[in-house]
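# I would like to see how this sequence folds:
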Amino acid sequence: MSCTSCCAPVVVTPQIDLPDVTVTSRDVEYLALCDDIGSFLRRLVHDETGALVSAADLALDAATPYTPTGPVHVCTSESAPPPVQSAQLRRQVLRNQTGGPPMMWDFFASAGGTVESVTLTVISGQPSIQTDDGFSALFVGESVTWSALADIGAGSDQLVGPLIIHTVGGDTVAVSWTVRP
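Presented below is the predicted three-dimensional model:
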């Protein structure tokens with residue numbers, strides 16, 4: 001029997017249906033203001049177009065709701081509040097050597113302070129993460145970020161766990177986060 005035609009290998013790429021993702025960016029600004037009682041913070045949140053999305057008056061801890069008393073004005077040097085404490089950037093690189101046993105790292109057990117944001121970037125391998133939503137695989141070059149946009153209505157301006165990073169041999173993940181002490 002002879003073959004009258006020759007066929008090249010057929011490469012089949014699986015179809016992956018990804019959900020539509022809307023990326024929004026927000027700018028959060030804090031203004032130190034004063035009223036008849038003392039000083040407080042006004043948080044202004046703008047969307048990606050610059051439109052004001054929300055405003056909230058907060059005590060100097062930047063979390064407790066505050067109701068101004070009397071006229072609101074820019075603080076003078078005598079009435080100025082202490083400066084708002086800035087966030088600190090921290091970084092950890094997780095490396096699981098080729099052939100190494102599976103490892104897991106509990107981010108919130110190690111982060112320290114009040115976590116405002118965290119970004120994971122996969123350098124090599126295919127690690128996974130575990131959150132309240134379950135497990136998710138990550139791929140080389142992928143970065144994922146969580147950020148706590150202060151939401152007085154929800155009563156929180158910090159991220160909470162769980163966030164557990166699972167690695168196997170050959171995985172390298174860079175983890176960067178900001179915290180308030």
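# which residue ranges make up each domain of the chain?
Per automatic domain parsing, the structural domains of the chain span 27-74, 88-180.
# how about the ones you listed in TSV, adding mean pLDDT and mean neighbour count?
(C-beta placed from N, C-alpha, C; glycine too.) Below are these laid out as TSV (pLDDT from 0 to 100; neighbours: other C-beta atoms under 10 Å):
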stretch	mean pLDDT	mean neighbour count
domain 27-74	85	14
domain 88-180	83	15
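# give me the distance between the nearest residue to residue 148 once chain neighbours are set aside and residue 143.
Nearest non-adjacent residue to residue 148, counting by C-beta to C-beta, 6 or more residues apart in numbering: residue 159, 4.7 Å away. According to C-beta to C-beta, to the nearest Å, residue 159 stands 16 Å off from residue 143.
# what's the answer for residue 158, then?
21 Å.
# does residue 70 sit in a helix or strand, and which one?
Taking DSSP states H and E as the definition, residue 70 sits outside all helices and strands.
# settle this for me: it is touching residue 33, isn't it.
No - the pair residue 70 / residue 33 is not scored as a contact, 11.7 Å apart, by C-beta atoms under 8 Å.
# for residue 107, give me phi and psi.
Per-residue torsions, residue 107: phi -60, psi -50 (degrees, to the nearest 10).
# what about the nearest residue to it once chain neighbours are set aside, distance to residue 116?
Leaving aside its chain neighbours, residue 107 sits nearest to residue 163 (4.2 Å; criterion: C-beta to C-beta, 6+ apart). The gap separating residue 163 from residue 116 is 14 Å, by C-beta to C-beta.
# can you show me the strands along the chain?
Here the chain has its strands, by DSSP state E, at 27-34, 39-46, 52-58, 73-74, 88-95, 103-106, 114-124, 128-131, 134-137, 143-147, 164-167, 172-180.
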